[in-house]
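> sequence plus predicted model, see below.
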Amino acid sequence: MYSVVGCRECHALWIVEGRPETTNCPRCSKRYRFEKLQAFAETDSSDAAARVRSSMLAERSDEGEFVDPETIDVDSVGMDEASFLKASGIDPDAVAEAAERGPSSHGRSRKRVVLDAISELEEPTDEAVREYATAAGVPAEYVDRALEKLTRAGELTESGGVYRRL
C-alpha cells in the first residue's frame, strides 16, 4: 500500500510505503504520526502513487501540467547542507573544519606517504621519513607506528638506522 500525504508546514507532497508509525517530511523534516496524516490517495503500486503525486503537483502549478525548471528555486527545496548533516548524525562544524584543511597528502593515504618517503629519500632514516611525512600532513606518531608495523610485516628492513623496501 502506498499513500500520498502532505506536510501541513511546507505543503510538500510525498509517498509513504506501508503504514509506518511515523514519517518525516522530506522538505522540512517535520515528523508526523502516520495515522494522523490525511492520505490524499492510496494505491497498490508505487508507480500509481507517483502518478497521483505528479498530477497533484501539476494542479498546483499556474503553468499547467509541466513546470518550467528555470522557475524552480532549488535552494528553497529540501534541507540545507547543515540540516542534512545534523539529521545524518554528522557534526557540520567538523565537516567545515575538514574542508578548510583540504585533502591531506594530496590524496595519498598515510601509509602511501610513508612508503613514498622510503622510496624517494636518499637515506630514509626515522627522522628523514618523519620529516617527509609530516610535511605531507601525516602525524609523526603515525609515521613511527607505520615504520614499526611495516618492518614487522616484512615490507621494510632497517639496517644501521636506514630503511629499505623489500
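Looks like it arrived, so ask away. Just so you know, these numbers come straight off a predicted model, no measurement behind them. Residues are numbered from 1 along each chain as shown.
> so where do the helices sit in the chain?
Using DSSP state H, the helices of the chain run over 46-60, 81-87, 92-101, 110-120, 126-135, 140-152.
> who wins for proximity to residue 161 among those helices?
In terms of C-beta to C-beta, the element of the helices of the chain nearest to residue 161 is helix 126-135, at 6.8 Å. Yep, even glycine has a C-beta here, placed from its N, CA and C like the rest.
> mean confidence for the closest one?
What helix 126-135 shows for mean pLDDT is 93.
> could you tell me the angle between it and helix 110-120?
130 degrees (axes from the mean of the first three to the mean of the last three C-alpha atoms, to 10 degrees).
> what's the spacing between helix 126-135 and its chain's center?
On the basis of C-alpha atoms, centre = their mean, to the nearest Å, helix 126-135 sits 32 Å off its chain's mean C-alpha point.
> about what we covered before: dump the helices of the chain into TSV; add mean neighbour count as well.
Shown next, in TSV, are these (neighbours: other C-beta atoms under 10 Å):
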stretch	mean neighbour count
helix 46-60	14
helix 81-87	13
helix 92-101	11
helix 110-120	18
helix 126-135	17
helix 140-152	15
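> can you list these in JSON lines and add distance to residue 34?
JSON lines is the format used below for these (distance: least, C-beta to C-beta, whole Å):
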{"stretch": "helix 46-60", "distance to residue 34": "15"}
{"stretch": "helix 81-87", "distance to residue 34": "19"}
{"stretch": "helix 92-101", "distance to residue 34": "29"}
{"stretch": "helix 110-120", "distance to residue 34": "47"}
{"stretch": "helix 126-135", "distance to residue 34": "54"}
{"stretch": "helix 140-152", "distance to residue 34": "49"}
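> which among the ones you listed is found nearest to residue 22?
Shortest distance between residue 22 and the helices of the chain, using C-beta to C-beta, is found for helix 81-87: 14.2 Å.
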